[in-house]
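Q: what follows is a predicted structure for the sequence shown.
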Amino acid sequence: MDLLQFAIRKLISGIPLVLGVTFISFVLMVYFGPDKTYELLGKNPTAQQIEEVRHQLGYDRPFLSRYSDYLRELSTLDFGHSDSTGERVIGLLGRTIPVSLALTTPGFVLGNLLGVLLALIAAYHRGGWIDKFIMGGAVVGMSVSFLIAIVGFQLIFSSSYGLNMFPVRGWDVYSLTDYLRYITVPTMATVFVALGYNTRFYRAVIVEEMTRDHVRTARAFGTRPWKLLYKNILKNSLIPIITRIMFSIPLVIISGSLLIESYFGIPGVGKVTYDAITTGDQPVLKAVVGLTAVLFVLTLLLTDILYKMVDPRVSLK
């Protein structure tokens, strides 16, 4: 019951965040976003035609009335139809979000697991050549932009100038073999870039934990290295590690998949978002922004619950 009460309080406390994000994004879309009035009209439209189209689009309604409709759409998950395709927005997202999850999950998981593993090795050999080698590789990964990494891995593994082992574009997935072929190059590019940032952050956290008294005591009593790293260091470093991982999830789903899917032509939510930005498809943009804000609130809730699971000293208040 305490967990349920905590979850309810946390969700209620997240309402201002959702309202703030949706309000700012709605202001930007209304006052700075594209006006589709003239796209729907021919050349030299009359004032009456312009007025009629603006009325049909709802542009002539008061701002607060339009924003209230947006909040109602978000609460009911009924965002209407896409201006570009005519498909129901909730159906469009339901079809594309699983593709984005299937695309980004392997790179996200591998990037964090390898980051923690390399950080443990580097921290344990702090100051030695192994530490310097791992950190040097991390700096190289951080210095290469995501787009350059995508292009480079595609040229090496997908083009006729390289190994030509994997598809260049598309998402014709009908089996596990197809799935592995299509995600390999995007996953390698994601891991290559994310690994540098993850390794440096996790190493800093682990090195700080290694200076604690309980670690020095365990080492003085001859605790085996693997047990020392896992039980005395890693388990006590999980709070900042969980924080970084959890708060990366919304960004990875939207911003990470946006670049990969746009470049590789993969029909996920990132590609849909990119197309909505370029075409001014406001129903889709409102849905993506609103649901991303809700996802952040749910991430906050889940993060606090995970804190309690890994550290009994944390109280759910």
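A: All right, it came through fine. Model, not experiment: these values are computed from the prediction.

Q: A helix includes Gly86, no?
A: No. According to DSSP: H, G, I helix; E, B strand; the rest coil, Gly86 belongs to no helix; its state is coil.

Q: for it, the count of nearby residues, please.
A: When neighbours are counted by other C-beta atoms under 10 Å, Gly86 registers 7. In short, each C-beta sits where N, CA and C put it, glycine included.

Q: and Asn44, how close does it get to Tyr38?
A: 11 Å (C-beta to C-beta, to the nearest Å).

Q: neighbour count winner among the two?
A: Set side by side, Asn44 and Tyr38 show more neighbours around Tyr38, with 12 against 6, by other C-beta under 10 Å.

Q: could you measure from the residue nearest to that one when sequence neighbours are not counted over to Val53?
A: Counting by C-beta to C-beta, 6 or more residues apart in numbering, the nearest residue to Tyr38 once its immediate chain neighbours are dropped is Pro45, at 7.3 Å. Plainly put, Pro45 is 8 Å away from Val53 if you go by C-beta to C-beta.

Q: of the two, give the one with the bigger neighbour count.
A: When Pro45 and Val53 are compared on other C-beta under 10 Å, the one with more neighbours turns out to be Val53, at 18 against 15.

Q: so which strand or helix has that one?
A: helix 47-57 (DSSP states H and E).

Q: which is the next helix or strand following that helix?
A: If you walk from helix 47-57 toward the C-terminus, the next helix or strand you reach (DSSP H and E) is helix 63-76.

Q: and that following helix, how far out from the chain middle?
A: Between the centre of helix 63-76 and the centre of its host chain there is 25 Å, according to C-alpha atoms, centre = their mean, to the nearest Å.

Q: buried sites along it?
A: Within helix 63-76, the residues scored as buried using 16 or more other C-beta atoms under 10 Å are Tyr67, Tyr70, Glu73, Leu74.

Q: how about stretch 213-220?
A: Val215, Ala218.

Q: let's see it as CSV, backbone CA atoms only.
A: Presented in CSV, the C-alpha positions along stretch 213-220 are these (Å, rounded to 0.1, in the frame of the first residue of the first chain):
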residue,chain,number,x,y,z
ASP,A,213,36.5,3.4,4.1
HIS,A,214,34.5,0.2,3.7
VAL,A,215,36.4,-0.6,0.4
ARG,A,216,39.8,0.0,2.0
THR,A,217,38.8,-2.2,4.9
ALA,A,218,37.6,-5.0,2.6
ARG,A,219,40.8,-4.8,0.6
ALA,A,220,42.9,-4.9,3.8
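
Q: avg pLDDT for that stretch?
A: Here stretch 213-220 scores 83 as its mean pLDDT.

Q: kindly report the same for stretch 46-62.
A: Mean predicted lDDT for stretch 46-62 stands at 81.

Q: neighbouring contacts of it?
A: Asp35, Lys36, Thr37, Leu40, Leu41, Pro45, Arg66 (C-beta atoms under 8 Å, 6 or more residues apart in numbering).

Q: nearest residue to the second one in space, please, no chain neighbours.
A: This means Lys36. Gly280 (5.9 Å).

Q: shaky segments in this protein?
A: Across the chain, the ranges flagged by pLDDT under 70 are 1, 253-256, 314-317.

Q: tell me where it has strands.
A: Here the chain has no strands by DSSP state E.

Q: which residue lies nearest the spatial centre of it?
A: Centroid-nearest residue in the chain, with C-alpha atoms, centre = their mean: Val252, separated by 1.9 Å.

Q: run through who's touching stretch 123-143.
A: With C-beta under 8 Å, 6+ apart as the contact definition, stretch 123-143 has outside contacts at 118, 121-122, 192-197, 199-200, 203, 206-207, 210, 225, 229, 233.

Q: write the PyMOL selection for whichever of these are buried.
A: Here is the PyMOL selection string for the buried members of the contacts of stretch 123-143, based on 16+ other C-beta under 10 Å:
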select buried, resi 118+121+122+192+193+194+195+196+197+199+200+203+206+207+210+229+233
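
Q: now the closest residue to Val272 other than its chain neighbours: how far from Arg212?
A: Using C-beta to C-beta, 6+ apart and skipping the chain neighbours, the partner closest in space to Val272 is Thr96 (5.1 Å). Going from Thr96 to Arg212 by C-beta to C-beta gives 45 Å.

Q: which one of the two has more residues nearby?
A: Comparing Thr96 with Arg212 by other C-beta under 10 Å, the one with more neighbours is Thr96, at 20 against 14.

Q: how near is the more buried one to Ser257?
A: 9 Å.

Q: spit out the residues that contact the two alike.
A: Contact criterion C-beta under 8 Å, 6+ apart; residues shared by Thr96 and Ser257: Gly268, Val269, Lys271.
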